[in-house]
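Colleague: pasting the structure only:
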C-alpha cells in the first residue's frame, strides 16, 4: 500500500496525546470552540491553536467561522486513509501469524510422528 502525505499527516497528528484527546472530545460533540476545547488542558490557548492547526492540516478537523466564534468540527473522513492502512497492515500480519501457526503445528506433528516411528510414546516428554 503506497504512502501518502495525507496518511503521514494523519499519523503525525495522531502521535500526540493532546491531539488525540481533542479528537475524542470533538467526537462526543457536534462542534466546539477553541476555548471549549482548551478547558480540560493545562496549556495555553496558543498551544491549543497549534494542535488544532496540525489536526486541520492533517484533514482530521475543520474550523469554521460563525460571527465571533471559530467552531471546530471532527472530519471522520480524514481518518479514512489511516484506517485503511491499519486494516491492510492488520490483515497482512494476521496472514503471517496464521502461516506461522500452521508451520509450528506441522513441526509438532512431524516431531510426534518421528517419536512414534522411533518407538517412543509421543505423549511423554
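Modeller: Looks like it arrived, so ask away. The structure displayed is predicted, hence computed values, not measured ones.
Colleague: I'd say residue 62 and residue 56 touch.
Modeller: Yes - applying C-beta atoms under 8 Å, one finds residue 62 in contact with residue 56, separated by 6.9 Å. Placement of C-beta: from N, CA and C, glycine included.
Colleague: what touches both of these two?
Modeller: Common contacts of residue 62 and residue 56 (C-beta atoms under 8 Å, 6 or more residues apart in numbering): none found.
Colleague: show me the biggest helix of the protein in terms of residues.
Modeller: helix 80-117 (DSSP state H).
Colleague: and that helix, what other elements does it pack with?
Modeller: helix 5-14 (3 or more C-beta pairs under 8 Å, 6 or more residues apart in numbering; DSSP states H and E).
Colleague: Looking only at the helix it packs on, what residues are buried by neighbour count?
Modeller: 7, 9-10, 13-14 (16 or more other C-beta atoms under 10 Å).
Colleague: Give me the contacts around that helix.
Modeller: Residues contacting helix 5-14 (C-beta under 8 Å, 6+ apart): 19-20, 23, 54-55, 57-60, 78-79, 81-82, 85.
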